[in-house]
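Student: What shape does this take:
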Amino acid sequence: MFEVDAEGVRFAFHRRCDNYCVGGAGEEDRLDRVIAALEGIDTVLCARIGDCPRETLAAAGITVSAEHAFDYIEAGVGAVYRARMGLAGGVPARADSA
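Tutor: Here you go, the predicted model:
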């Protein structure tokens, strides 16, 4: 999980989450566990996602984006933040830490 603000993008913590899709098919009970694991998260960046999980995540208040699938995670998170905030300028890829 990453946090982002005007000062930059930084790794915040790791949270374990099951794969929803196994062998090309999704399992509803896994999706429920995925959503529970994502509690408090507002956006998920992914490489691809099907309609069912996208709609279920949206119903849980979680935005999904595959737009930055091949970017470094910090760059993708920063781009989503800038777009959401309407910022034309950049957000540093990493904030200085004390």
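
Student: In which helix or strand does the most centrally placed residue in the chain reside?
Tutor: Nearest to the mean C-alpha position of the chain, by Cα atoms, centre = their mean, lies V44 at 2.0 Å. Using DSSP states H and E, the element containing V44 is strand 43-45.

Student: List the buried residues of whichever helix or strand comes after that strand.
Tutor: With elements assigned by DSSP H and E, the helix or strand that comes after strand 43-45 is helix 51-59. Within helix 51-59, the residues that qualify as buried are P53, R54, T56, L57, counting by 16 or more other Cβ atoms under 10 Å. From N, CA and C alone the C-beta is placed, and that goes for glycine too.

Student: which ones are touching the first one?
Tutor: Contacts of P53 were listed using Cβ atoms under 8 Å, 6 or more residues apart in numbering, and they are Y20, C21, G26, L31, V34, V64.

Student: May I ask you to confirm that H68 is in contact with Y81?
Tutor: No - look at H68 against Y81 with Cβ atoms under 8 Å: they stay out of range, at 11.2 Å.

Student: rewinding a little: from E7, how far out is the residue nearest to the centre of the chain?
Tutor: From V44 across to E7, the span is 22 Å (Cβ to Cβ, to the nearest Å).

Student: now swap in M85 and tell me
Tutor: For M85 relative to E7 (Cβ to Cβ), the value is 13 Å.

Student: do D29 as well
Tutor: D29 sits 39 Å away from E7, going by Cβ to Cβ.

Student: do the same with R33
Tutor: Taken as Cβ to Cβ, the span from R33 to E7 is 33 Å.

Student: can you count the residues close to M85?
Tutor: The number of residues packed near M85 is 12, by other Cβ atoms under 10 Å.

Student: Appreciated, that's everything.
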